[in-house]
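# Next one to model:
(one chain, ligands or ions: 1)
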Amino acid sequence: MEKWRWTTITRETKTIEFKTGTGLGAPRSTPLVSVNGLKKYFTTLPTFLERRLAGASPKITRAVDGVDLHIHKGETLGLVGESGCGKSTLGRVITGLYAPTEGTVEFHGDNIQMIFQNPYSSLNPHHTVGQIVGAALKKRGVSRNALQDEAVLLLRQVGLRHEHLSQYPRQFSGGQRQRIGIARALATRPSFIVADEPVSALDVSVQAQILNLLEELRAELGLSYLFISHDLAVVHHLSDRIAIMYLGRIMESGPTEAIFHNPRHPYTQALLGAIPRIGERSRLSELAPGQALAAVNPSPGCKFQLRCPRKMAVCEHEPPEPSHVPGDPGHAVWCHLTERRALTE
Ligand code: SF4
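Just a heads-up that it's a prediction; the model follows:
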C-alpha cells in the first residue's frame, strides 16, 4: 500500500506543491516529477542614479516563463541552453530553493537533492569532509554511533577513501570536491537529483570520470536526474531525453537520438552546428547575441525571433504552440515552421 505525504510550501504570493511518498507501487506511466506551467520572474529595482537620470521603473526578468516537463523513474532528462536561458533557475525552483512565481512541481519520490556547478563554493571550507557528509546523514536520522561507518560507505561509493574524512575541501582536486558534493547529495537517499552543470568547472579528462560515476550511481541506486548543461555533447552521453531551453521556454524536446538526428527547431540546429570536434571547446557563445535584452523586454511572439534566420511575420506576434513531429514519438517542437509542416504531412 502506498504511503503518500503531501507538503505544501507557500512563499511569495504563489504556491508550490510537492507530492512526496515512497513511490513504491506508482504506475509506470506516472512521472516521478511533473512540472506544470512553471514561471519564475525576478524584479530588479532601478538604482537611485537611474531613477534620477531616466525615471527608470523596475525591470522584470522572466527567467522561467511557462515550462512543462515530465521525468520518469530511472530516467535522465538533459536540459540544455546557453548561459542565462533560465535552466539553473528552473532547477532551483524544482528543488524548492526558489519559490515559483506561478505553476506547480509535483514530485512522487522520497526526496530531491542538488549537485552544484562549483564544487568548491558549495562546500563549507571550514568543515572536514566527515562534518559535511555527517551533517547530511544526520538529516536522514542516522544515529551518532553509525555516522562514521555510513560516511565511509558513502565515500567509497563515490570513489573516495576513509582517510579523506578528516580532510578539508581545499586539500582536494576539483574532481574530488565534486565527488564530495555527490556523496553529500546521496546521504539523504534521494530518488531524484538535479545536477546543475556538475562537470563544467572540471578538466575534460576529469569530466568523463564524474559523468561515468553519475551513470553508475543511476544504475546502482535507481536514480533519476535532471542534468543541466550548456553543452549538448556532454548531455548526449548521459540523457535518455533532451529538452532545449531558450529565454525561459522549452524550444524542443524528445528522445536524445531524435534531437541529434532529426532536430527541427532552428535553435537546436544552431546548437548542434556549434558542437566542437574532439579537443575543442563548445562554440555556443558564437551565436548572435540578443538573449539578455529579450529576457527583460520579451516580444509577444516567438522568444527566438531576434536570432532566428528563418523568422516569418507570424513569429513576431504569435507564440508557437508545441507540435509533435510525425513518426517521431515523444518529439515536440515549439516553432511555426514545424506547425505548418505538420499540417501538410
Ligand atoms: Fe524562428 Fe519563427 Fe520558428 Fe521562432 S517560430 S524559431 S522565429 S521560425
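# List the residues that contact the residue nearest to residue 217 when sequence neighbours are not counted.
Distance criterion Cβ to Cβ, 6 or more residues apart in numbering; nearest residue to residue 217, sequence neighbours excluded, is residue 223 at 6.0 Å. C-beta here means a position set from N, CA and C on the backbone, and glycine is covered the same way. Contact analysis of residue 223 by Cβ atoms under 8 Å, 6 or more residues apart in numbering lists 74, 190, 191, 192, 193, 217.
# Who does whatever residue of the stretch 101-250 of the chain ends up closest to the ligand form a beta bridge with?
Per Cβ to the nearest ligand atom, residue 246 is where the stretch 101-250 of the chain lies closest to the ligand, at 8.9 Å. In this entry, residue 246 is beta-bridged to residue 249, by DSSP bridges.
# For it, which residues are in contact?
Under the criterion of Cβ under 8 Å, 6+ apart, the neighbours of residue 246 are 81, 82, 85, 267, 291, 303, 304.
# tell me which parts of this protein are close to the ligand?
By Cβ under 6 Å from any ligand atom, the residues of the chain that approach the ligand are 265-266, 302, 304-305, 308, 310-312, 315, 320, 335-337.
# Most neighbours out of those residues, which is it?
Comparing the residues of the chain next to the ligand by number of neighbours (other Cβ atoms under 10 Å), residue 302 comes first, having 26 neighbours.
# and that one, how far is that from residue 335?
7 Å (Cβ to Cβ, to the nearest Å).
# Please identify the helix or strand for the residue most central in space within the chain.
When Cα atoms, centre = their mean is applied to the chain, the residue found nearest the centroid is residue 228 (3.8 Å). Assigned by DSSP states H and E, residue 228 belongs to strand 224-229.
# in its sheet, what does that strand sit against?
Strand 224-229 has these strand partners (DSSP bridges): strand 76-80 (parallel), strand 192-196 (parallel).
# Any chance of CSV for those, columns mean neighbour count, mean pLDDT and distance to residue 48?
Formatted as CSV, those follow (neighbours: other Cβ atoms under 10 Å; pLDDT from 0 to 100; distance: least, Cβ to Cβ, whole Å):
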stretch, mean neighbour count, mean pLDDT, distance to residue 48
strand 76-80, 26, 97, 38
strand 192-196, 26, 97, 34
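# Please identify which of the ones you listed is closest to residue 232.
Minimum separation from residue 232 across the strands paired with strand 224-229 (Cβ to Cβ) falls at strand 76-80, 5.5 Å.
# what does that closest one rub up against?
Residues outside strand 76-80 that contact it (Cβ under 8 Å, 6+ apart): 69, 71, 87, 90-91, 218, 224-232, 235-236, 238-245, 256, 271.
# repeat that for 7 Å
Residues from elsewhere that reach strand 76-80, judged by Cβ atoms under 7 Å, 6 or more residues apart in numbering: 69, 71, 87, 90, 218, 224-230, 232, 235, 238-245, 271.
# need the longest helix for the protein.
helix 204-221 (DSSP state H).
# For that helix, list every residue counted as buried.
Neighbour counts over helix 204-221 (16 or more other Cβ atoms under 10 Å) mark 206, 207, 209, 210, 211, 213, 214, 217, 218 as buried.
# Against which helices or strands is it packed?
Secondary-structure packing of helix 204-221 (3 or more Cβ pairs under 7 Å, 6 or more residues apart in numbering; DSSP states H and E): helix 174-186, helix 232-238.
# Pick the most deeply packed of those.
The highest mean neighbour count among those, using mean count of other Cβ atoms under 10 Å, belongs to helix 174-186: a mean of 23.
# What degree of burial does residue 143 show, as a neighbour count?
Residue 143 - counted by other Cβ under 10 Å - has 9 other residues nearby.
# any chance of the contacts of residue 246 in TSV, with secondary structure and pLDDT too?
Output for these, formatted as TSV (DSSP: H, G, I helix; E, B strand; the rest coil; pLDDT from 0 to 100):
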residue	secondary structure	pLDDT
81	coil	93
82	coil	90
85	coil	93
267	helix	93
291	helix	56
303	coil	92
304	coil	92
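# ok, which pair from those is furthest apart?
Every pair of the contacts of residue 246 checked by Cβ to Cβ; the farthest is 82 and 303, at 12.5 Å.
# Compare these two (neighbour count), which wins?
Shown here are residue 82 and residue 303; by other Cβ under 10 Å, residue 303 has more neighbours (26 against 18).
# I figured that one hits residue 247, correct?
Yes: counting by Cβ atoms under 7 Å, residue 303 touches residue 247, with 4.2 Å between them.
# Look up how far residue 175 lies from residue 157.
15 Å.
# Then residue 62?
Residue 62 is 36 Å from residue 175, by Cβ to Cβ.
# Then residue 65?
Distance from residue 65 to residue 175, by Cβ to Cβ: 35 Å.
# Please apply the same query to residue 79.
Distance from residue 79 to residue 175, by Cβ to Cβ: 23 Å.
# distance between stretch 128-140 and the chain's centre?
Computed by Cα atoms, centre = their mean, to the nearest Å, the separation of stretch 128-140 from the middle of its chain amounts to 25 Å.
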